[in-house]
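Chemist: the following comprises the amino acid sequence and a computationally predicted model.
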Amino acid sequence: MSIVDAPSAFTRRNLFVCIDGEEKTGKTHLALTIAQPNFITLVHDMNDGLDGVVQKRVRVVGDGRIKIAHHPIPDGQTVKAQRERSVGEWAGFAQDFRDGMSKYRANIVDSGTEIYKLSRMSEFGDVKHTEKSKTAQLDYDAVYSKIRGLLRLFHASKSHLIITHQLEEEWKSYKDPDTGIMKAKRTGRMVRDGFKEIPYMMQI
């Protein structure tokens, strides 16, 4: 039977934090403040954005307290080559993420925008699909499932999880009243660029 009593005490001692912002606004610097001298923090570097920032925090917390797993978006001359390299890079990232969530007190992903890109590219390279395509929908289901599966490890872990995200311009679709044609326009807002389910998973 899967039905159990709801607990009366809140016992969780780890946080899932999302830090969003435009370029060069201190997202990585803020994320790194989780690192402390009495435990190890693992940083999943997806966009080569640590240089000049992580060194400052290492000087505060001490050598050996911050580890780095480097998983950049791979280059490729063809769709096939890009997908093949991305499949390997995703496998490496996924394994390091699992290890980090089980072994270390804090994990930082810099950034979640690149996680979404890497998952997408590992499914279909750099091909641009439309949401109207049945094939594209199946591909995106796999993209979302891979990310969702990793992020849900937070609930079975004692590790803090901090994910940074870049921002992008928000676009809204509307029907032109004169022509009846669907068009898109900027709203003037900046929104998170990445996995769309993050708002429902994060705590802060």
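Modeler: Thanks, I have the structure now.
Chemist: helix, strand or coil for the residue of the chain most remote from its centre?
Modeler: Distance from the C-alpha centroid of the chain, by CA atoms, centre = their mean, peaks at Asp178 (40.8 Å). Put simply, Asp178 is coil when judged by DSSP: H, G, I helix; E, B strand; the rest coil.
Chemist: any idea how far stretch 38-47 is from the chain center?
Modeler: 13 Å (CA atoms, centre = their mean, to the nearest Å).
Chemist: from start to finish, how long is that stretch in a straight line?
Modeler: End-to-end distance for stretch 38-47: 27 Å, by CA to CA, to the nearest Å.
Chemist: cool, stretch 94-110 as well?
Modeler: End-to-end distance (CA to CA), stretch 94-110: 14 Å.
Chemist: ok, and what's touching it?
Modeler: 27-28, 31-32, 34-35, 39-47, 49-50, 67, 69, 71, 115, 146, 150, 153-154, 157-164 (CB atoms under 8 Å, 6 or more residues apart in numbering). C-beta: built from backbone N, CA, C; applies to glycine.
Chemist: again, but for stretch 193-200
Modeler: 18, 111-113, 115-116, 144, 147-148, 151, 163, 165-168, 192.
Chemist: what about these, which are in helices?
Modeler: Counting by DSSP state H, the contacts of stretch 193-200 place Gly112, Thr113, Ile115, Tyr116, Tyr144, Ile147, Arg148, Leu151 in helices.
Chemist: narrow those to those that are buried.
Modeler: Gly112, Thr113, Ile115, Tyr116, Tyr144, Ile147, Leu151 (16 or more other CB atoms under 10 Å).
Chemist: what ranges do the helices span in the protein?
Modeler: 27-32, 54-61, 79-103, 112-124, 134-151, 198-201.
Chemist: that older thread, ok, so of the ones in helices among the contacts of stretch 193-200, who is nearest Thr78?
Modeler: Tyr116 (21.8 Å; CB to CB).
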